[in-house]
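Asker: Have a look; sequence and predicted model below, questions after that.
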Amino acid sequence: MRLGLLRDFARLPPNDTGANAVLRAALIFLLTLAAALPASAQGFGAMARVLGAESALEDRGPGAEMTLALTQAVPFRVFTLADPYRVVIDFRQVAWSGLPPGFDASDAVTSVETGAAFQPGWSRMVLTLDAPLMPAVAAMETDPTTGEARVILRLDPATEDGFAAQAGPPPGAEAGLLVTAGQPDPSALSRTDGRLVVVLDPGHGGVDPGAVRGDLHEANIVLTFARELREALRRTGRVEVVMTRDADIFVPLPTRITLARAAGADLFISIHADAVAEGRAQGATVYTLSEMASDAASAALAEQHDRADLLEGVDLSGADDVVADILMDLARVETAPRAAALADGLVAQISASGLELHSSPRGEAGFTVLKAADIPSVLLEIGFMSAEGDLDNLMNPDWRAEMQAALVTAILDWAEADAARAALLRQ
């Protein structure tokens, strides 16, 4: 939660009358109450710690399986390296001091090294293998009550050629460790390079395939699109990209928001390609958050997205307490216009690139995934699988590249304009 904005409101001139005076008095009370909250309730960006008693690395048949329990969910990525065979797991700021001495009980894994990655803001674990093993499952489960997370990594046997074909760090990632043991230095992990942090959220995944047309699943289509968009953004050298999922796994909607906060997101973009049962829907649409949907179709789409969390037993019907509601509403006073500016910019650039937009390209609805009060967030429907033309586009790499180029331009333009607005507000 950005309390800086709230303090600005609390410093309204003392001679204000009416609504401003009431608001100022209420804010002083709320800020006092917020300051008394336990640190765990405020530390969204804190470094995660390893829960040693619940963490283990063991053989599983001809392969191996790792369970890594953490005090909170953090974004992570997995890749492989050859010569020697290694599996690398990068996390956003994990303190390794809680890793138990007997953690590695696997004969298939010859050594485990932990430390900081060369890329600022990332911690790293390197598993050196006795033989080629490829990640078959890389998933994170989050306890909705405690916020604790459990990373499951299952490694299955692979051929030498198959391993070599997939090996290599993602763009922008170095292969080694900055620190080979112990807890990383938090000062070395802070993001100081000035790059924009964009969190891409490919919708659905795992038990929730999203829209389905024949053997095509929305979850897979938007994951491919998000991966390609990530590389396009990284190539600019101005953007750091974090994905809420980089595999066909289920990530609950609240966890997606938690991961964005842990990544220090400057903006959050959820990507979808839905299908509609009735009426015509074709072309790209960009949504921002509103408790009142802009039309019936938007309301139905938001309900359809949120209902997917019931597949994993996540109850989204509980009401937040009054204090939290007010604090979040106040934070949205700042983020809502920034999100609207991003959405408008995306629509304008898609149109300028000659790509098809929906007849009503700007929508509003109560999507749960957009409810991070402190992060400008939009939901982008890149097209509708129920429309034959859109589906053809979604499967066409040339069309996807054009759409991604438009989005990159719009995001960078928004970042410049947003920074300029922030500079004016500080004066």
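Answerer: Nice, thanks for sending it over. Numbers count the residues shown, from 1 in each chain.

Asker: Can I take it that R154 is in a strand?
Answerer: Yes: under DSSP: H, G, I helix; E, B strand; the rest coil, R154 falls within a strand.

Asker: give me the number of residues near the closest residue to it other than its chain neighbours?
Answerer: Leaving aside its chain neighbours, R154 sits nearest to V137 (4.1 Å; criterion: CB to CB, 6 or more residues apart in numbering). From N, CA and C alone the C-beta is placed, and that goes for glycine too. By the other CB atoms under 10 Å criterion, the neighbourhood of V137 contains 13 residues.

Asker: Return the per-residue confidence for V137.
Answerer: On pLDDT, V137 comes in at 87.

Asker: Please, where are all the helices along the protein?
Answerer: For the chain, the helices defined by DSSP state H occupy 3-10, 19-35, 160-166, 186-189, 218-234, 253-262, 296-307, 322-352, 388-394, 397-426.

Asker: and the angle for the last one with helix 218-234?
Answerer: Yep, that's helix 397-426 we're talking about. Taking axes from the mean of the first three to the mean of the last three CA atoms, to 10 degrees, one finds helix 397-426 and helix 218-234 inclined to each other by 60 degrees.

Asker: Give me the distance between helix 397-426 and the centre of its chain.
Answerer: Its chain's C-alpha centre and that of helix 397-426 lie 18 Å apart, by CA atoms, centre = their mean, to the nearest Å.

Asker: Give the other helices and strands that that helix contacts.
Answerer: For helix 397-426, the elements it packs on are strand 196-202, helix 218-234, helix 322-352, helix 388-394, judged by 3 or more CB pairs under 8 Å, 6 or more residues apart in numbering; DSSP states H and E.

Asker: Only the buried residues of that helix, if you could.
Answerer: By 16 or more other CB atoms under 10 Å, the buried positions in helix 397-426 come out as 399-400, 402-404, 406-415, 418.

Asker: And stretch 78-88, end to end?
Answerer: End-to-end span of stretch 78-88 (CA to CA, to the nearest Å): 6 Å.

Asker: do stretch 121-133 as well
Answerer: Counting by CA to CA, you get 27 Å between the two ends of stretch 121-133.

Asker: So for it, mean pLDDT?
Answerer: Mean pLDDT, stretch 121-133: 90.

Asker: ok, now how distant is the closest residue to D390 other than its chain neighbours from L99?
Answerer: Excluding the flanking residues, the one nearest D390 by CB to CB, 6+ apart is G383, at 3.4 Å. With distances taken as CB to CB, to the nearest Å, G383 is found 44 Å from L99.

Asker: Mean pLDDT lowest where, among the helices and strands packed on helix 397-426?
Answerer: When mean pLDDT is averaged over each of those, helix 322-352 scores lowest at a mean of 76.

Asker: For the spatially closest residue to D143 that is not a sequence neighbour, list each beta-bridge partner.
Answerer: Closest residue in space to D143, ignoring its immediate chain neighbours: A149 at 7.5 Å, by CB to CB, 6+ apart. For A149, the beta-bridge partners are L70, T142 (DSSP bridges).
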